[in-house]
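>>> no sequence for this one, just the structure:
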C-alpha cells in the first residue's frame, strides 16, 4: 500500500543590518516543529545578504532535522510522552 503525505515548511527571514534571523516552522499534519536561527555577517566580508540567508536557513533546517531525529527516536523507543496520552 502506497501512502502519500505532504508536510508544509514555512521560513520567515528577517534582515536587520548584519544580522539575518530565520523562524522555521514544519507542520507534519500530526504535529508542528519550529526553531529560530540566525547568522551575522563578519564585518570583513562583502555585503551579500543571500549568504546570511543561506547560513541562517541552513542552521534552522539542521536544527529541525535534529528535532525530527529526536522525536523519531523517542517514538521508536517508547519514550514519547505524547504517545501515552
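Good, I have the coordinates. Predicted model, so just to flag it, every value in this text is computed and none were measured.
>>> Residue 15: how many residues sit nearby?
14 (other C-beta atoms under 10 Å). Placement of C-beta: from N, CA and C, glycine included.
>>> for the helix or strand containing it, packing partners?
Using DSSP states H and E, residue 15 maps to strand 8-16. Contact here means 3 or more C-beta pairs under 8 Å, 6 or more residues apart in numbering; DSSP states H and E; on that basis strand 8-16 packs against strand 19-27, helix 49-76.
>>> From the rest of the structure, what touches that strand?
20-27, 49, 52-53, 56-57, 60 (C-beta atoms under 8 Å, 6 or more residues apart in numbering).
>>> List only those of those residues flagged as buried.
Those of the contacts of strand 8-16 that meet the buried threshold are 20-26, 52-53, 56-57, 60, by 16 or more other C-beta atoms under 10 Å.
>>> out of the residues you listed, who's nearest residue 68?
Nearest to residue 68 out of these is residue 26 (C-beta to C-beta; 7.9 Å).
>>> right, and that closest one touches residue 61 too?
No. Using C-beta atoms under 8 Å, residue 26 is not in contact with residue 61, being 9.2 Å away.
>>> Please tabulate the contacts of strand 8-16 in CSV, including the columns pLDDT and distance to residue 10.
Shown next, in CSV, are the contacts of strand 8-16 (pLDDT from 0 to 100; distance: C-beta to C-beta, whole Å):
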residue, pLDDT, distance to residue 10
20, 96, 16
21, 97, 14
22, 98, 10
23, 98, 8
24, 98, 7
25, 98, 5
26, 98, 8
27, 97, 8
49, 87, 20
52, 91, 19
53, 94, 15
56, 96, 14
57, 97, 12
60, 98, 11
